[in-house]
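*Asks:* Whatever this is, show me its structure:
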Amino acid sequence: MKKNVFICMSILLFVLALAACGKAETNPQATSNLEQNGAASQNEKASNESTTETRVYKHFFGETKIPVNPEKVVTLQYASHMLKVGLKPIGASSHLLETTDADFKGIEDVGSADQINYEKIVSLQPDLIIAGDIEKEVYDKLTKIAPTVVVPWMDHDVFGHVEVIGDILNRKQEAAAWKTDFDEKMKTAKDQIIGKIGEGKTFAIYRVDPKQFYVYGVRNMGFTLYKALGLTPPALVQKEIAKDPNLWAVPISLEVLPDYDADYVFLTLLEGEDTTKRLDEIKQSSLWKNLTAVKDHHIYDISMDTWLGYTPHDIEVQIKEAVQFLTQDK
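*Replies:* Next up is the predicted model:
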């Protein structure tokens, strides 16, 4: 009896030993496979990271680690500037794509400035996002998609914008080349204008709104005449520009309009019946009729849609129109 019990116990212990051996052979292999897969994943990630060099870029919201040579870039403000330094954005804000210029074809629309399509940006898988004037909350959302840098619009003129974008994209030479080419075009355009009308003339830009009258400074419309073409504004405008190099415009009352007289005037107005009616009233006044440009028939109507744009592409169009106006016989 005891012998039988001993035999049974021996058999049981032998079976348990086999089971234990089976587990010892199976589990280490499963664990090994998981570790290998994890290691492979980490190695792949490390390999991807090593092929993308980065640098720290300081901008409006602090410092951000960005690719040294970004390739897939979404911009909420600087599409034209990117194109001028030789990199086409993969996505841009809606208002930047409202053009028939072939350079912009193929750029994906990522929504308006006040309604950004974050899902669309995610789907584009950018390696960098370049924004203009955005709130911190928007910036924080964008940084969860890709490294984001912010370049405030009013910090630079258009030359400065191109230079900064060239720096961000590691395309400083391309930015400098664009500036050299642009300067040559401007010199040619200015020579055409001066060759036609002569030296020493002054130029003003008037904007009529339903309840306001502006004389433009050196941004937007004024940039084309005063900075790009190097033409001379009225003395009072020049004085304001000296105080504010990024002067947008000066609101004035009609009583002081003669103080902003010029030999040549570019005139634009906010669309609408109220504005048209007000302009008609202004044109009937003696203040308007006695302006030098009015008496000499040197008033040129310009479209706000064409002239309010402040990108390299916009300015090139404006310059062509300015040359056309100022060199034609009237």
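*Asks:* mind listing the helices for the stretch 201-330 of the chain?
*Replies:* Ranges of helices within the stretch 201-330 of the chain are 221-222, 235-243, 273-283, 286-289, 292-295, 304-307, 312-327, based on DSSP state H, counting those that start in this stretch.
*Asks:* Check the model's average confidence along the first one for me.
*Replies:* Per-residue pLDDT values across helix 221-222 average out to 92.
*Asks:* Thr275: how many residues sit nearby?
*Replies:* When neighbours are defined as other C-beta atoms under 10 Å, Thr275 has 17 of them. Using the backbone N, CA and C atoms, a C-beta is placed for each residue, glycine as well.
*Asks:* rewinding a little: out of the helices of the stretch 201-330 of the chain, nearest to Glu163?
*Replies:* Glu163 sits nearest to helix 312-327 of all those, at 11.7 Å, using C-beta to C-beta.
*Asks:* Pick the most buried one from the helices of the stretch 201-330 of the chain.
*Replies:* Here the criterion is mean neighbour count by mean count of other C-beta atoms under 10 Å, and of those the winner is helix 221-222, at a mean of 28.
*Asks:* quick one, which of the helices of the stretch 201-330 of the chain is nearest to Leu128?
*Replies:* Once these are compared by C-beta to C-beta, helix 312-327 is nearest, at 20.0 Å.
*Asks:* contacts for the closest one?
*Replies:* Outside of helix 312-327, the residues within contact range by C-beta atoms under 8 Å, 6 or more residues apart in numbering are 80-81, 83-84, 99, 101, 103, 158, 162, 178, 182, 185-186, 189, 192-193, 195-197, 221, 223-225, 228-229, 264, 266, 300, 302, 306-307, 309.
*Asks:* mind listing which of those are in strands?
*Replies:* 264, 266, 300 (DSSP state E).
*Asks:* What subset of those is buried?
*Replies:* Among the ones in strands among the contacts of helix 312-327, those classed as buried by 16 or more other C-beta atoms under 10 Å are 264, 266, 300.
*Asks:* in the protein, what secondary structure element scores lowest on mean pLDDT?
*Replies:* Least confident helix or strand of the chain, by mean pLDDT, DSSP states H and E, is helix 2-51 with a mean of 38.
*Asks:* buried ones in the helix or strand following it?
*Replies:* Later in the chain than helix 2-51, the nearest helix or strand by DSSP states H and E is strand 54-59. Using 16+ other C-beta under 10 Å as the test for burial, strand 54-59 gives 57, 59.
*Asks:* What strand or helix carries Ile66?
*Replies:* Per DSSP H and E: strand 62-67 holds Ile66.
*Asks:* so how far is whichever helix or strand comes after that strand off the chain centroid?
*Replies:* Following strand 62-67 in sequence order, the next helix or strand is strand 73-75 (DSSP H and E). Centroid separation for strand 73-75 versus its chain: 9 Å, with C-alpha atoms, centre = their mean, to the nearest Å.
*Asks:* what bits of this structure have low per-residue confidence?
*Replies:* Residue ranges of the chain with pLDDT under 70: 1-51, 330.
*Asks:* so which strand or helix has Glu137?
*Replies:* With DSSP H and E as criterion, Glu137 is part of helix 136-143.
*Asks:* same for that helix, what does it pack against?
*Replies:* helix 118-124, strand 128-131, strand 148-150 (3 or more C-beta pairs under 8 Å, 6 or more residues apart in numbering; DSSP states H and E).
*Asks:* need the ones you listed in CSV with mean neighbour count and distance to Lys88, can you?
*Replies:* As requested, the helices and strands packed on helix 136-143 are exported to CSV (neighbours: other C-beta atoms under 10 Å; distance: least, C-beta to C-beta, whole Å):
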stretch, mean neighbour count, distance to Lys88
helix 118-124, 15, 13
strand 128-131, 25, 13
strand 148-150, 23, 18
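*Asks:* okay, now Asn170: neighbour count?
*Replies:* Asn170, neighbours per other C-beta under 10 Å, totals 17.
*Asks:* Tell me if I'm right that it and Asn69 touch.
*Replies:* Yes - with contacts counted by C-beta atoms under 8 Å, Asn170 reaches Asn69, the gap being 5.4 Å.
*Asks:* before we move on, back to that, quick one: residues in contact with the helix holding Glu137.
*Replies:* 61, 64, 116, 118, 121, 129, 131, 134, 148, 150.
*Asks:* again, only this time at 10 Å
*Replies:* 59-62, 64, 74, 76, 113-114, 116, 118, 121, 126, 129-131, 134-135, 148-150 (C-beta atoms under 10 Å, 6 or more residues apart in numbering).
*Asks:* Next, the distance between the ends of stretch 95-115.
*Replies:* Here the two ends of stretch 95-115 are set 12 Å apart, with distance taken as C-alpha to C-alpha, to the nearest Å.
*Asks:* For that stretch, list every residue counted as buried.
*Replies:* In stretch 95-115, counting by 16+ other C-beta under 10 Å, buried: 96-97, 99, 104, 107, 110-111, 113.
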